[in-house]
Structure formats: structure tokens, C-alpha cells
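> Predicted model, plus sequence, below.
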Amino acid sequence: MISDLSRLRNIGISAHIDSGKTTLTERVLFYTQRIHRIQEVRGKEGSGATMDYMELERERGITITSAATHCAWKGYQVNIIDTPGHVDFTIEVERSLRVLDGAILVLCGVAGVQSQSMTVDRQMRRYRVPRLAFVNKLDRSGADPRRVASQLRDKLGLNAVLMQLPIGLEADHRGVIDLVTMKALDFEGANGENVVEGEIPQELRHEAEAARETMLDVVSMFSDELTEAILEERVTEDLIRAAVRRGTLALELTPVFLGSAYKNKGVQPLLDAVTHYLPDPTQVENTAVDLSNDEAPIALSADPQKPLVCLAFKLEEGRYGQLTYLRVYQGTLARGANIVNSRTKKKHKVGRLVRMHADEMEEIEGTGAGDIVAIFGIECASGDTFTDGSVDVAMSSMHVPAPVISLSVKPKDNKAQANFSKAIGRFVREDPTFRSHVDEESGETVISGMGELHLDVYVERMKREYSVEVQTGAPQVAYRETVSQRADFNYTHKKQTGGSGQFGRVAGYLEPVAEEGKDFEFANEVRGGAIPTEFIPAVEKGFVSGLEKGRLIGFPVTGLRVVINDGQAHSVDSSDMAFQAAARGAFRETYSKARPIILEPVMKLAVESPTEFQGAVLKTIMQRRGTIVGTTEEAGFCLVEAEVPLAEMFGYATDLRSVTQGKAEFTMEFARYLPVPAEVTKELKEKYASQVKGDDE
Amino acid sequence: MDRRYLNARSPLRLLEKGLHGGLGRGNLGLVLSGPGVGKTSFLVGVALDDLLRGEAVLHVTLGHTVSHVRAYYDTLFDDLAATTRLEDLAVVHAKIDKLRRIRAYPPDSFDAKRLREALALEAEAGSRPALVVVDGLDPASARPDAVRAWAELAKQAELEIWISASLDQERIEAVPASLRGVESCFGVILALEPAPGAVALRALKDHDNPNVSDLHVSLDPKTLLLVRS
């Protein structure tokens, strides 16, 4: 049990892919003595870094799963969530940010603020996560921490201030100068474990004093006391730290720290900074929604005496069984207690309660508000809320985007069917952006998600973790259909020849919904009982059944509003079935009059490349029906931002590589749905027509 | 949709009446103001005017990010749309997005030569702008030869080029000393000044019109559109 919440930190480490985030985490665990040997990320010893424990991640040198790990530093408890860096996995990043109180934004000292850093920063802003910046890789040639700090200001609009200066850069990088204590820090010993404090080297003295002055200037904005102390020349370390902390917590200041995790420089001072400047759980405002009061928001407080509220933010099925990671927001969670899932209302008994350290763990008896722990053997979905049953609340729902791409999959070997189902079941539980369904017509399993790589990774995991080799179909873009104008209907369904008859008439109109993002709206404006009230739900059902498959290209119809305002019933022959059929008929007949259009997912694309390839990069976007938003040129590099239909993005990585000699990289995330241009609409319709015809034959 | 109405509140409408038909292709225009008065909004307004007429525009920003500039356009467009009855908003917006290219450069690394290169790249990627706006130039670095290079490029490429420059003072009585001697390079020079509840836009130079003193209008401080009387 953590008794003093002011000594608890829940932090994430977020960064652009390849900024050295996993290496940094590894060093943190080493210095906090959670691990006793340093392993390199790319598996030099064949084992990979401890946090990077999934085999696939090890192979690709990237981190996909956020594993929570616990460590202690100078009397502080620190829970670290290792967040994935690739855009296709942003849901994991976002879910992690939700449970964090603070974060370290890792930046490459050479590449600086990259497109992914911008995405991550935007996410942190959305969840109001205070952050420190760590400029890594100062041992690399071309490293320039001042440039990175100015990019933090210019590109991300952060009030970034250097808290340290480097002692030597590139091959000469050996330590940092702490501008608060005005001491030089060297990192000695085989693994840099001995932090040696010394005098600032003479040649850097002047520069350090100037940098300290700049730092004080920025930081004093957050403390009148410090401002006074500066004037009276009695500045103390505590005064500076208090001011930096205040600015950081208010999200108005981003202190910048320096080093090279790979060369074991600067990691321990960064840990000190986490304890000095990032918030403890009581300093972060968390709200839940009250399910018994129309989802009104209610504030939670990190008080162990109050009713329990915790969030299952991550599920994992490892070699120990099904693990659920929980963040406790309020109250106390203890072994043997009963907890209730707010979504299913099911009661569960807390069996084993553990603190995780990558894939090792430590059994605990209980824990209080603010902590992050894992429990065993509880069936639930990611994002579920648990309480002690005395309150009916849920943590506000997290923004989960709809999938934009799908892929049909089937096991190559029929015997693997059981494992195949098990794998899919688990992935769906773990990742809300990953979905699966069985296509009624083809009988095939179709998985859908947020991008090509997202689905690729799951196909790989099936092979590695479940020994299921799967055959995949061509990736399919999740188009949508919608109507673009109002169209009236007046439809009679009539079958009254012999036996019990069927009769129903519905009249009204279809139109686009006014509210953006709303899928379907049904309004009953029938007056005087023209359609008896008991049949209205059947009418709605009839329309809903038509939404599943639009008549343009067979994709779901969204953004539709149906209004019924008249109709007719027969005292004997009208039934639910008859009115459902009437509604289906009305929809079938009217849809084409409402000028239906096709919508396609459009991705936000960012390509970074050396300037000389700019023309080539722009061309790859134009060839893909892309809209170029803008280009940023800087010091030999350019960043092209664009919006491109997902349908045109297959194989982009290969094309980009070939026109830029492999020197460009790109990130992509879903932006929005936009109408498909006329010529593409024609193509899609023709394709659909031939498909339907093919099915009939 | 009625674009005429949308455009009717553009400050350019009034200036076009007074000024000899606006800036015109082949000419270089300059807008001066103190910091934070609204140069960017003004230039975005000028650009939006052309975009709504279906002309391609290149927006060069020195100091802002691409997404920042884009947000300016989206906000101004939304403001216009909210006060104007427009149909097919999404279609018009998408069209504008296609016609507009934004390029960001670090401050003090941009000149006519870089613009020439940029135009070549954009042409390669299918965009031939009629209007270029360059936002955030440092007037101190606007040496006579640099200004002449801008004017020459405008003429040669038959472009309308608007440049904005920030001055240290709020009141702008005349063309700043650093630009005297090259005034002839500019077709139009405008000044933006804060006024009570509005922004005053005044012409300091209008082609060869000797009498510019009565060319002034009041603009909404938020949108930099004409204040409706």
C-alpha cells in the first residue's frame, strides 16, 4: 500500500519511433534496480530489452504493447507505462495517456521534433498531461539540443526551457550541467551508475551562467517569490524547483533535460526531475460519469477512504493467464474484495493482485487510489470501470475511432480453427479499435482496424503466439454511404390474397442528419394514429435493416434521418411484419432519390524527407488523389503534410522508399470521411454491380 | 452558393473601388503593422478572396506552422459561413483546400530566390498560383536589392505578391525609412492600425494615384473583414 501519495508518480514515456524510448526505459529500470543487466533494444544478445517483451516487437525493434512497470527512486514510487510509438497504435497511446499523471516526451537530439512527436504532443494536450522533454541521443553526430528546444517552442508551441546544458556533444558527450544546482554531472562506472557531481568546467562557466539566467527568467513567471528572490539575490534550489513544478503542472512550462540513454548519460537526473516536477495523483483532476444520474460528470478524489473506482485500461494474456491492468482513481483495492463491473453489473472477486514489472511481477495485498496494478482472472473489456458496488459510475468513455480498413482472414490449416478463434477473441478484448465479424455471404472472418500495419501486426501475432498461419484477402477500405438531399416516400405494402393478409402504408421523408457524426436518427411525426403507436418500432426496425448495406456499393449507410408523418393500418391485416416490410420497401424505393453518395476514409499523412526529394514526395501524393496541406522546410529537411484517401495508400511505404532512396519516412492516421469524387464513384459502382451479378450466377 | 455575397465583406472590395482595381497581377503589395494587429488575418482574407474565385494561392509563412496557418483559414471560412447563407459548404471548403498550398520556412531564410524554387516545386506538383502571400518578413532585412528581386519576380511570373512586415510602432504615418527609395517597387502599400473597437486600414501608396489620404476603412478586429454599417 502506498501511504504517501505525494511520493507516487504515474508516468508515460512517449516519443517518435526510434527516438530511443525503449532504451531510456531500460536504463531507468536498471538504475532503479528493477533489472540487473542492461540489454539493448535490437536484441544484440538475442533477448531484447526487458520492456520490449513481445517477440514480434523484439524482431522489429519497436514497442507495441504498453506494459506497466513499477520501480522506486529515492523514496518515490514510480509506475511507468511504456507507450507505443507507431501511429497505427494511437489508441494504445491515448489509453495510456488517460491513466497517466505526467509524461516524458523523448526527442531525438538529431532529428528533433518529428511528425510523431507532434501527434503525441497533441494527444497529451488533449488529456492535459504535464510533460518533461528529454533530448536523447546527444552522442550522435549532428546532435543539437538547443535546436530541439527551439523546435519545441516553434513547432509545438511549448514554453520549453533548458534545465541543463550538455558537456560535450557527439563523440565528446560526457555529461550535463544542472542549471539549478550549477554543478557538472558526470556518469561513471561501466553502466554510468555513478553520478559524480563536480565543478562546471571553466570553458563552459560563462555559457552556463547565461543559460541559468534565461532559465530563471522564464521560470520566475510562475512564482512571485522567486522573482523577489532573484532581485534580492537569494535564489535557492527549492524556490526554483517549486516554480518549475508550478509551471509544469499548469501545462504552461516544459522543462527540457538532456542526455544519451544509450551511452548512460543523463538518466538519473531525469528521474530526479520526474519526482521534482511531475504531479502526484492528488494533483490531477479525474472525473467519472454518474450512471444513476443521466451520466452527469462527477469528480473523483484520490482518497483511499472513499468508494472504489478503477479503470481496466489494458488486458493481456501472458504466460501467467489473463491479466487486467487497473488504475485506481478512488478508494482502495484489496485482495479478496468484491468488485463490480459498471458495464456488465457483474460481480468479481479479486484474486491475485500484483504489481507488474515488464513480464515479471510482485504479489501485493492491496493498494489505494492513484496506483496502477494488475489483477488476474477477471473477464472484462479494455475500458471497463470497476467499483465496490456502492456507486454506479463509469470513467468517462474514451474516444474510440471507428475502423477504416478491413481484411478477410482464415487459417491455412483447418485444425488451427480453435486457436484462431481464441486469438481473435483476445485481440478484440484487448484493443477496442480492433474488431472482427463473420461476413454473412462469404462466411469468412473479417478483421478491421485503424490501418494496414495495425492489422498486419495482429496477423503476425496469430502466427507467433498462437501458431496460426492465416491466409488474408485484399485489404478493404471501409466506405460509407450517405444521402445528400431530402426525398419523400409514400409506400404501401399489401399482400391480401387469401389467408391472413399483410397491409401497411408509411409516408414521410429521408434526409441527411444535421448533426455531424451521427449515424441514424428516426423521428415519428405521425398525427392522429394514422399508424398505431405499437407499430412504430417495427417501422424504425424496417429502416434500420436497410442501413446495413447501402444500395450504391453495399456499404453501411450513415448520416441518415428518417421522418415518418403519415401512414395507414388495416384492422386485421396490419402487423409488425407488414410495417417492417413497408419501411424496407419505402427505403428501397426512396434511397436513390435522396442523391446517395459514397464517403471514404481520408488519412492525415506526414512525410519527412531530405529537401532534395521534396518534388518526388509531392508527386507521390498528387498521384494518390491527395490534397497537399503544406510543406515545412528546415535545415535540409522538409515535412510535407497532406490528406490522402486510404484507398490510395496501399503499398505507399514501398513507393516512397523507391523515390527517396529510402531516406524519407511517413506517419499516417485517420482524419475524416469525405465524399468520393465522381469518377471513383463510377468505378466503385461498376465493381459492385459486377460483384452482385457474379453472386447471382 | 453566392460567393459574391461572401466576398462582399472583403476589405479588398472597397479598396478595389478606390485603389486602381486592387493590386493586380505582376505587382508587389506590402502590408505594414505593429505586432499582433492582424497582418496574418488580413493576408488570409486576401487569399481567401482569390480562393473563392477559384484561383490557386500559395501562402508562405515565416515563423508559423502549417497547421497554425491552416487554422486561420478554417476559422475565417467558418466565420464567413456562419454569417452567410451558403449551400454545399463542405464542397466549397474542400475546393479551397485543394487550391491552397502552405509553405513554412524558418524566419530570415526566405527571399525571392527561395520563392522561385518553391513555385517550381509547386508547379511540378500541379499548382500554379495566381497569388502569393508572404507573411512575417522582417523589414529590417528588406534591403533594396531584395525588394527589387521580389518586384521583378512578381512582374516576370505575372503574380500578385503580398508581403507583410511587422514594425515596432503601432502608428504608421508613412513608409518606414528602411523602405524609402524602393517605394516604386510596390504597387500598393497598406498600413493596419488599432482603432477603438476596430482595425483601421489605410493606403500609403496606390500605384500612381497621388491622393491616397482618403483611402481608409474600418475592419472587424477579429476577422479583418469590413465592418458592416
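Cool, got the structure.
> Residues of chain A that sit close to chain B?
A:154-155, A:157, A:614-615, A:618-619, A:621-622, A:627-635, A:639, A:641, A:643, A:674-675 (C-beta under 8 Å from any C-beta of the partner chain). All C-beta atoms are positioned from the backbone trio N, CA, C, and that covers glycine.
> residues contacting the residue nearest the centre of chain B?
Centroid-nearest residue in chain B, with C-alpha atoms, centre = their mean: B:Leu43, separated by 3.1 Å. Residues near B:Leu43 by C-beta atoms under 8 Å, 6 or more residues apart in numbering or on different chains: B:31, B:59, B:133, B:135, B:162, B:164.
> How about A:Arg429?
Per C-beta under 8 Å, 6+ apart, neighbours of A:Arg429: A:315, A:380-382.
> cool, and B:Ala195?
Applying C-beta under 8 Å, 6+ apart, the residues contacting B:Ala195 are B:Ser218.
> Run through the strands of the stretch 201-350 of chain A in chain order.
For the stretch 201-350 of chain A, the strands defined by DSSP state E, counting those that start in this stretch occupy A:254-258, A:286-290, A:296-300, A:309-318, A:321-330, A:332-334, A:338-341, A:347-349.
> can you list contacts of the first one?
Contacts to strand A:254-258, defined as C-beta under 8 Å, 6+ apart, come from residues A:105, A:109, A:131-135, A:138, A:145, A:148-149, A:152, A:158-166, A:176, A:244, A:248, A:266, A:269-270, A:273, A:277.
> Now that strand - C-alpha only, CSV.
Written as CSV, here are the backbone C-alpha positions of strand A:254-258 (Å, rounded to 0.1, in the frame of the first residue of the first chain):
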residue,chain,number,x,y,z
THR,A,254,8.1,22.3,-20.4
PRO,A,255,11.4,21.8,-18.7
VAL,A,256,14.0,20.2,-21.1
PHE,A,257,16.6,17.6,-19.9
LEU,A,258,19.5,16.2,-21.9
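> Quickly run through the sheet partners of it, with directions.
According to DSSP bridges, strand A:254-258 forms sheet pairs with strand A:131-136 (parallel), strand A:160-162 (parallel).
> of the residues of chain A next to chain B, buried ones?
Buried subset of the residues of chain A next to chain B (neighbour count, 16 or more other C-beta atoms under 10 Å in any protein chain shown): A:154-155, A:614, A:618, A:621-622, A:627-634, A:639, A:641, A:643, A:674-675.
> how about the residues of chain B near chain A?
Contact residues (C-beta under 8 Å from any C-beta) of chain B with chain A: B:59, B:63, B:65-67, B:69-70, B:90-91, B:94, B:97-98, B:101-106, B:121-122, B:124-127.
> Any of these buried? List them.
B:59, B:63, B:65-67, B:69-70, B:94, B:97-98, B:101-105, B:121-122, B:125, B:127.
> Which ones among the contacts of A:Arg429 map onto strands?
When strands are assigned by DSSP state E, the members of the contacts of A:Arg429 inside them are A:Leu315.
> Narrow the contacts of A:Arg429 to just the buried residues.
Buried members of the contacts of A:Arg429, scored by 16+ other C-beta under 10 Å, are A:315, A:380, A:382.
> what about the second one, distance to chain B?
Spatial separation of A:Cys380 from chain B under the definition C-beta to the nearest C-beta, to the nearest Å is 38 Å.
> which residues touch that residue?
Applying C-beta under 8 Å, 6+ apart, we find A:Cys380 in contact with A:312, A:315, A:324, A:341, A:343-344, A:386, A:429.
> Quick check: mean pLDDT of stretch A:140-160?
Stretch A:140-160 carries an average pLDDT of 87.
> end to end, how far does that stretch reach?
22 Å (C-alpha to C-alpha, to the nearest Å).
> what about the closest residue to A:Val99 other than its chain neighbours, how many neighbours?
Once flanking residues are discounted, A:Val99 sits nearest to A:Arg327: 4.0 Å by C-beta to C-beta, 6 or more residues apart in numbering or on different chains. For A:Arg327, the neighbour count with other C-beta atoms under 10 Å in any protein chain shown is 26.
> before we move on, back to that, in terms of model confidence, name the weakest of the buried ones among the contacts of A:Arg429.
Lowest pLDDT of the buried ones among the contacts of A:Arg429: A:Ser382, 74.
> Verify the stated contact: it with A:Ala312.
Yes. Applying C-beta atoms under 8 Å, one finds A:Ser382 in contact with A:Ala312, separated by 6.4 Å.
> just to revisit the earlier point, what's the most buried one of the strands of the stretch 201-350 of chain A?
strand A:254-258 (a mean of 25; mean count of other C-beta atoms under 10 Å in any protein chain shown).
> Doesn't A:Glu506 lie inside a strand?
Rather than Glu, residue A:506 is Val. Yes. A:Val506 forms part of a strand when assessed by DSSP: H, G, I helix; E, B strand; the rest coil.
> Next, count neighbours for it.
Neighbour count of A:Val506, defined by other C-beta under 10 Å: 30.
> Please report how far it lies from chain B.
A:Val506 sits at a distance of 29 Å from chain B (criterion: C-beta to the nearest C-beta).
> May I have the beta-bridge partners of that residue?
Beta-bridge partners of A:Val506, as defined by DSSP bridges: A:Tyr491, A:Gly567.
> residues touching it, list them.
Residues near A:Val506 by C-beta under 8 Å, 6+ apart: A:489-491, A:531, A:539, A:564, A:566-567, A:579, A:582-583, A:586.
> residues contacting A:Arg241?
A:180, A:276-277.
> for B:Glu122, same thing?
So B:Glu122 contacts A:618, B:58, B:101, B:128-129 (C-beta under 8 Å, 6+ apart).
> Likewise for A:Lys415?
Listed by C-beta under 8 Å, 6+ apart, A:Lys415 has no contact partners.
> Just the local confidence number for A:Pro403, please.
For A:Pro403, pLDDT reads 81.
> Could you find the closest non-adjacent residue to it?
A:Ser448 (3.8 Å).
> out of the contacts of B:Glu122, which are inside strands?
B:58, B:101.
> Between the contacts of B:Glu122, which sits nearest A:Thr433?
The closest of the contacts of B:Glu122 to A:Thr433 turns out to be A:Leu618 (C-beta to C-beta; 30.5 Å).
> remind me which residues of the stretch 501-650 of chain A are low pLDDT?
Along the stretch 501-650 of chain A, segments meeting pLDDT under 70 span A:516-517, A:635.
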